[in-house]
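Visitor: Sequence and predicted structure below; questions after.
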Amino acid sequence: MKLLLIASECAPFIKTGGLADVIGAIPKALSEEGVEGRVLLPLYPALQQIAASGVTVAEFSDLFGGAARLVAVTAEGLDLLLLDAPHLYDRPGSIYLGRDGQDWHDNPTRFAALSHIGARIGVNGIDGWSPDIVHAHDWQAGLVPVYMRQMTNSPPPCVMTIHNIAFQGVFGADMMGSLGLDPAGFTPEGFEYYGRISFLKAGIAYSQKITTVSPTYARELMLPEFGMGLEGLLQARKSDLLGILNGIDLEVWNPQTDPVLEQTFTSRTLKRKHQNRTALERRFDLQSDPDAPLFCVISRLTEQKGLDLLLEVMPQMVERGARLALLGSGNPDLENAYKQAARQYQGRVGVVIGYDETLSHQMQAGADAILIPSRFEPCGLTQLYGLRYGTLPVVARTGGLADTVIDANDAALQSKCATGVQFAPVTAAALAQAIDRTCDLFAETDTWSAMMRNAMKHPVGWDQSAKQYLALFNGLMTA
């Protein structure tokens, strides 16, 4: 089976969030099942060095206002197709945002171009290679099935994966002509969304199957409080909607071999984890306290992630003796509030604004628990990293958080299967209770150690999910 994946980012080459990790992992996982996958990405400046060793397999004289070419290259075990369109992608700053922090004004054109080339490869193949299945990811690839339908009456099957429905790629209807969209599709059943164009809605409406990144999130998306205006369409496509849980790269995230840790460890050598805790306390200038847990947060600082709630309960958390190490960036008000909290609770709260991949590994290894109080969470990867490193997740009961963490309630503790703490509803009061429960559990040394071992044994890789994707793709090929 040949699979074309189309996305705006892919780890380890270019990453702003969990989407990149998933795109970097799926082809490797599916290759174990005999699937030949290629990933179509924009050629951003960060990928220029990789592209230099590649081969040009196609050229385009005019792709939405400029010349472009397609470069094939293999790197980090992935077969990449890099769309080299300097007028669209060769620019400083974030891949989505300019230096002013605002979306690039031509984002609709930039990602329509990515979708258009993805559609051309899907329909015509490239350099003698033709995909059996096209797999589009998030709104940036949402127009792929639309363009394929405009090119041919018999395109290959397309699967659309929603990683976060909050980001939909909604733009003015006046762009229809410049994006090369057939006006016949501008209907409530097509890509029209309250008088505008929605790239994500297009992907949902025109794909044969829709997946999202956890079973609970798939169910939540059909409810008004989570569907972000697309719940009606998803309810109508219910039989075609499937939640397949994300996994993580077990080689990259492995506490037994992780090269950036102060001390590697396993579920059988948990005492070694304490050396990472000591190193983390030094890094964040935190007081040492073996009798109280060290919590960490590794996150975008947004209201979606519930981090405004954590600020509300900070006094109670510190009063319990707990410490907090936070790594993240995002909302300027939240950034400033956490910096102020670090000053107010010096030695108990440490904050690093930004993102540092190495530090994130060290935090997962050194903290006792990781806090994820998200108001909604499609899947979440940080709790999976936490499980892998014996850093117990304290999570809101939503989306993939609910699917991956076993709450330490009485039944789970008696059955010896608990791996963390869940709470609901997503309020400051419920979060405070969850932190209190975590502190109480931490004080029960044997119970806490047993939960750590449970967490580290919990399956967080791609094996099962790869089999589900393969079954989905096989079903489409034989339909």
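Guide: That came through fine. Given the structure is predicted, the values throughout are model-derived calculations rather than measurements. Numbers count the residues shown, from 1 in each chain.
Visitor: Excluding chain neighbours, give the residue nearest to residue 214 in space.
Guide: Spatial nearest neighbour of residue 214, chain neighbours left out: residue 400 (3.4 Å); criterion: C-beta to C-beta, 6 or more residues apart in numbering. Bear in mind the C-beta positions are built from the backbone N, C-alpha and C, glycine included.
Visitor: Go ahead and confirm the one you found touches residue 217.
Guide: Yes. Using C-beta atoms under 8 Å as the test, residue 400 is close enough to residue 217 to be in contact (6.1 Å).
Visitor: quick one: the residue nearest to residue 214 from residue 464, how far?
Guide: 14 Å (C-beta to C-beta, to the nearest Å).
Visitor: So the two - more neighbours on which side?
Guide: residue 400 (26 against 12; other C-beta atoms under 10 Å).
Visitor: Residues that sit against both of residue 400 and residue 217, list them.
Guide: Listed as contacting both residue 400 and residue 217 by C-beta atoms under 8 Å, 6 or more residues apart in numbering are 377, 378, 379.
Visitor: Name the member of those residues with the most neighbours.
Guide: Neighbour max across these (other C-beta under 10 Å) = residue 377, 31 neighbours.
Visitor: what separates the longest helix belonging to the chain from the chain centre, distance-wise?
Guide: Ranked by number of residues, the top helix in the chain under DSSP state H is helix 107-124. How far helix 107-124 lies from its chain's middle: 22 Å, per C-alpha atoms, centre = their mean, to the nearest Å.
Visitor: What of stretch 219-230?
Guide: 19 Å.
Visitor: same deal with stretch 467-479?
Guide: The answer for stretch 467-479 is 23 Å, by C-alpha atoms, centre = their mean.
Visitor: And that stretch, what's buried?
Guide: 469, 470, 472, 473, 476 (16 or more other C-beta atoms under 10 Å).
Visitor: thought the third one was touching residue 159?
Guide: Yes. Taking contacts as C-beta under 8 Å, residue 472 lies within contact range of residue 159: 6.8 Å.
Visitor: As a quick check, tell me the outermost residue of this protein.
Guide: residue 61 (34.4 Å; C-alpha atoms, centre = their mean).
Visitor: who are the neighbours in contact with that residue?
Guide: With contacts taken as C-beta under 8 Å, 6+ apart, residue 61 has the following neighbours: residue 67.
Visitor: And stretch 71-81, end to end?
Guide: Stretch 71-81 has an end-to-end distance of 6 Å (C-alpha to C-alpha, to the nearest Å).
Visitor: Compute the mean per-residue pLDDT across that stretch, please.
Guide: Per-residue pLDDT over stretch 71-81 has a mean of 97.
Visitor: Same question for stretch 292-307.
Guide: Averaging pLDDT residue by residue across stretch 292-307 gives 96.
Visitor: Just the buried positions in that stretch, please.
Guide: Applying 16+ other C-beta under 10 Å to stretch 292-307 flags 292-299, 301-302, 305-307 as buried.
Visitor: how far does it sit from the chain's center?
Guide: With C-alpha atoms, centre = their mean, you get 16 Å for stretch 292-307.
Visitor: Can you show me the strands along the stretch 101-250 of the chain?
Guide: When secondary structure is read from DSSP state E, counting those that start in this stretch, the stretch 101-250 of the chain shows strands at 133-137, 158-162, 170-172, 192-193, 196-198, 209-212, 241-243.
Visitor: From residue 172, how far out is the closest residue to residue 179 other than its chain neighbours?
Guide: With sequence-adjacent residues excluded and distances taken as C-beta to C-beta, 6+ apart, residue 179 is closest to residue 112, at 4.7 Å. Taking C-beta to C-beta as the measure, residue 112 falls 13 Å from residue 172.
Visitor: Look at the two and report which has more neighbours.
Guide: More neighbours surround residue 112 than the other of residue 112 and residue 172, with 28 against 10 (other C-beta under 10 Å).
Visitor: what's the more buried one in contact with, if anything?
Guide: So residue 112 contacts 64, 143, 179, 180, 199 (C-beta under 8 Å, 6+ apart).
Visitor: How about residue 226?
Guide: 165, 217, 220, 376.
Visitor: before we move on, what about residue 440?
Guide: Counted by C-beta under 8 Å, 6+ apart, residue 440 has zero contacts.
Visitor: I'd assumed it was in a helix, is it?
Guide: Yes. Per DSSP: H, G, I helix; E, B strand; the rest coil, residue 440 lies within a helix segment.
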